[in-house]
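Enquirer: Sharing a model prediction with you, sequence too.
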Amino acid sequence: MISANNLVKLDFNNTKIAFRNKSDKDLEKAYWLFKMVSSNMLIKIGTPITNFALKMGLPIKGIIRNTIYKQFCGGESIEECEQAIAELGQAKVTTILDYSVEGKEAEGSFDDNCAEILRTVAYARNNKYASFCVFKPSGLGRFDLLAKIDAKEPLSAEEKAEFERLYKRIDRICKACFDADTRVLIDAEHSWVQDTIDDIAREMMEKYNKERVIVYNTYQLYRHDKLASLQADFAYAQTQNFYLGTKIVRGAYMEIERERAAKKGYPSPIQPDKEACDKDYNQAIRFCLDHINRIGLMAGTHNEESSRLLAEDMTVRGISPANDHIFFAQLLGMSDNLSFNLAEAGFNVAKYMPYGPVKAVMPYLFRRAQENTSVGGQTSRELSLIVKEKKRRKGIR
């Protein structure tokens, strides 16, 4: 257990620890990448041009692989990710293997995605540095089907059979994780499919979280109703005697949610401002700590204040940083100042490691780039830390 005195030494500006696994060359590449990402215009223009070039088979795959792909992805296959997994492990950070290929509207594609996710489960079972598996429900079944169920529209016999196949894929993955004693995260999606995902997640937790926390649902606190959902789910878990698995995030679809609500004329599910979002996020973290013996908590955040709040609250409550019900998580290639400094202080930290063929993962990478430009201060923060580390290294030569 770390003391309050030791906690003061948790320095998110310590770039020596944050970038010690990056060579000078890697650091320079990261600098220029974040410089490019910081330009909204470059992202808007570059995305369609890159898509066109890949579609036409133009020779840009190598450029992508050695720049944005290398920064944010582990490799094209699980085997290609092994070196990155080992490097993180040596720095006391575990990995969340994330097969980031977008689901196509075909049953064969959904079956292929399920099979690949099961491969990540088998890999995690035998690798101490792979702490979680993860899947996106719309990668295992048709998004429009989920939306139809959420809207409580009647399903045809064919659609009912389609949903049954989706449900069985999710159940198969959760059971495999239960058998392997490996945690699994169910990613959140848009609000107009999320109720159905939440229902499935509760059923999976009720089935597989009786003895320990295996299945985690995701709560997006940029929605004004999700703190209440978390509290209601915990109350249900108490009555049904299972552990609640929670991944607490701010969220990833804010602009899309607001635009859709305005277009269709319903109240926006998004918080009125950032202050309200931050307040609910921190309340959700504290609620989970209040019940940590029955809740598995993953704090998925790039926010320094929230990360420090959780670390300090754990200390005040006398909760060991090594408590395996609590993890911090960030994306590969981002917020290394949080990940590696938290890990160095003894906290459980995991990095989301996307992987998959370069062309198939590009939609994910474009979203990452767009999110970086829309999250106030994130890119400039990354750049300032890289510049600081470059100066530090130059100064000791």
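Expert: Okay, I see it.

Enquirer: For Asp171, give me its contacts.
Expert: Met204, Lys207 (CB atoms under 8 Å, 6 or more residues apart in numbering). Any C-beta I mention is one placed from the backbone N, CA and C, and that applies to glycine too.

Enquirer: quick one: what helix or strand has it in it?
Expert: helix 157-180 (DSSP states H and E).

Enquirer: After that helix, heading C-terminal, what element do we hit next?
Expert: strand 183-186.

Enquirer: Can you name every helix or strand that that following strand contacts?
Expert: Strand 183-186 is packed against strand 130-135, helix 157-180, helix 191-208, strand 215-220, with contacts defined by 3 or more CB pairs under 8 Å, 6 or more residues apart in numbering; DSSP states H and E.

Enquirer: So which of those is the most surrounded?
Expert: strand 215-220 (a mean of 26; mean count of other CB atoms under 10 Å).

Enquirer: where does this protein dip in pLDDT?
Expert: Within the chain, the stretches with pLDDT under 70 are 1-9, 37-63, 102-103, 366-377, 397.

Enquirer: try 50
Expert: 1-2, 4, 8, 41-42, 45-46, 376 (pLDDT under 50).

Enquirer: And the strands in it, which stretches?
Expert: 94-99, 130-135, 183-186, 215-220, 244-249, 295-300, 326-331, 349-355 (DSSP state E).

Enquirer: before we move on, the earlier item: for the helices and strands packed on strand 183-186, which one sits closest to Glu312?
Expert: strand 215-220 (21.5 Å; CB to CB).

Enquirer: The closest one pairs with which strands, and in what direction?
Expert: Here strand 215-220 has these sheet partners by DSSP bridges: strand 183-186 (parallel), strand 244-249 (parallel).

Enquirer: Just the CA atoms of the helix holding Asp171, as PDB, please.
Expert: Taking Å, rounded to 0.1, in the frame of the first residue of the first chain, the C-alpha atoms of helix 157-180 are listed here in PDB:
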ATOM      1  CA  ALA A 157     -39.000 -14.500 -37.800                       C
ATOM      2  CA  GLU A 158     -35.700 -14.100 -39.800                       C
ATOM      3  CA  GLU A 159     -34.700 -11.100 -37.600                       C
ATOM      4  CA  LYS A 160     -35.400 -13.100 -34.500                       C
ATOM      5  CA  ALA A 161     -33.100 -15.800 -35.700                       C
ATOM      6  CA  GLU A 162     -30.500 -13.200 -36.600                       C
ATOM      7  CA  PHE A 163     -30.600 -11.800 -33.100                       C
ATOM      8  CA  GLU A 164     -30.300 -15.300 -31.600                       C
ATOM      9  CA  ARG A 165     -27.100 -15.700 -33.600                       C
ATOM     10  CA  LEU A 166     -25.800 -12.400 -32.300                       C
ATOM     11  CA  TYR A 167     -26.700 -13.300 -28.700                       C
ATOM     12  CA  LYS A 168     -25.000 -16.700 -29.000                       C
ATOM     13  CA  ARG A 169     -21.800 -15.100 -30.300                       C
ATOM     14  CA  ILE A 170     -21.700 -12.800 -27.300                       C
ATOM     15  CA  ASP A 171     -22.500 -15.700 -24.900                       C
ATOM     16  CA  ARG A 172     -19.800 -17.900 -26.500                       C
ATOM     17  CA  ILE A 173     -17.200 -15.200 -25.900                       C
ATOM     18  CA  CYS A 174     -18.300 -14.500 -22.300                       C
ATOM     19  CA  LYS A 175     -18.300 -18.200 -21.500                       C
ATOM     20  CA  ALA A 176     -14.800 -18.700 -23.000                       C
ATOM     21  CA  CYS A 177     -13.600 -15.800 -20.800                       C
ATOM     22  CA  PHE A 178     -15.200 -17.400 -17.800                       C
ATOM     23  CA  ASP A 179     -13.600 -20.700 -18.500                       C
ATOM     24  CA  ALA A 180     -10.200 -19.000 -19.100                       C
END
